[in-house]
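**Student:** one predicted model, sequence on top.
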Amino acid sequence: MVVHKKKYISGDLLKFKSDPLVIKAINLLMCHGKRSKAEKILFQTFQALDKDYPGQSFRIFYSAVMASKQDIAVRLKPNPKKRRRKQSYNVYLPRLITPMCGLSLGIRSLIKASRERSQSSFSPLWESLSQELFQASQNKGGVVAERYRVNKLAISNKRRVHFATRR
């Protein structure tokens with residue numbers, strides 16, 4: 001008879017599974033329907049954060065997501081079809097985002113930055129995700145800088161905000 005050893009996850013990580021923000025992160029981390037792999041990556045990230053900063057992994061996750069959450073988005077205004085003179089510059093239209101969409105964009109930017117970091121440094125995804133989460137929780141790193149850059153671009157183009165209304 002073969003006995004399989006089962007990996008037990010501590011009780012703290014099991015209660016994280018019921019948190020809506022963790023579920024959202026798992027869904028955004030998931031590729032090709034591989035939910036168990038996404039859960040494993042996220043829980044290894046929590047364990048790595050817990051090893052370095054005992055008892056603070058969930059707080060670091062929440063503060064990182066809130067620091068990378070976006071409130072304003074910027075899109076390019078489409079060029080007119082036929083005009084005699086063309087605009088030589090891009091027109092950016094700022095628009096407000098719903099809070100849930102802002103959280104999704106923040107988590108997506110964290111995951112994208114961690115994937116780029118893991119590909120460039122040949123480290124596992126969970127390790128680079130834990131580093132990105134820690135940097136974002138301290139309001140540092142590329143994700144937070146990108147958020148501030150988008151906000152600055154939206155503020156500089158706020159006089160054009162009346163173009164962005166939908167009818």
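**Tutor:** Thanks, I have it. Values in this document were obtained by computation on a predicted structure and should not be read as measured data.

**Student:** all contacts plus neighbour counts: C-alpha atoms, from now on.
**Tutor:** OK.

**Student:** taking the centroid of this structure, which residue is nearest it?
**Tutor:** residue 107 (2.1 Å; Cα atoms, centre = their mean).

**Student:** hang on, isn't that one packed against residue 25?
**Tutor:** Yes - the pair residue 107 / residue 25 is scored as a contact, 6.5 Å apart, by Cα atoms under 8 Å.

**Student:** is it true that residue 96 touches residue 72?
**Tutor:** Yes - shown here, residue 96 and residue 72 form a contact pair, counting by Cα under 8 Å, at 4.8 Å.

**Student:** now do the strands in the chain.
**Tutor:** Taking DSSP state E, the strands of the chain run over residues 72-76, 92-96.

**Student:** span of stretch 62-77 from start to end?
**Tutor:** 34 Å (Cα to Cα, to the nearest Å).

**Student:** chain center to that stretch: distance?
**Tutor:** On the basis of Cα atoms, centre = their mean, to the nearest Å, stretch 62-77 sits 9 Å off its chain's mean C-alpha point.

**Student:** now it: buried residues?
**Tutor:** 63, 64, 65, 66, 67, 68, 69, 70, 71, 72, 73, 74 (16 or more other Cα atoms under 10 Å).

**Student:** so how far is residue 128 from the closest residue to residue 125 other than its chain neighbours?
**Tutor:** Excluding the flanking residues, the one nearest residue 125 by Cα to Cα, 6 or more residues apart in numbering is residue 118, at 5.6 Å. Per Cα to Cα, residue 118 is found 6 Å from residue 128.

**Student:** what's the burial count for residue 21?
**Tutor:** 17 (other Cα atoms under 10 Å).

**Student:** state the distance from it to residue 52.
**Tutor:** Counting by Cα to Cα - residue 21 and residue 52 are separated by 22 Å.

**Student:** check residue 74 too.
**Tutor:** From residue 74 across to residue 52, the span is 37 Å (Cα to Cα).

**Student:** next one: residue 113
**Tutor:** Distance, residue 113 to residue 52, using Cα to Cα: 21 Å.

**Student:** in terms of neighbours, single out the busier of the two.
**Tutor:** Shown here are residue 113 and residue 52; by other Cα under 10 Å, residue 113 has more neighbours (17 against 10).
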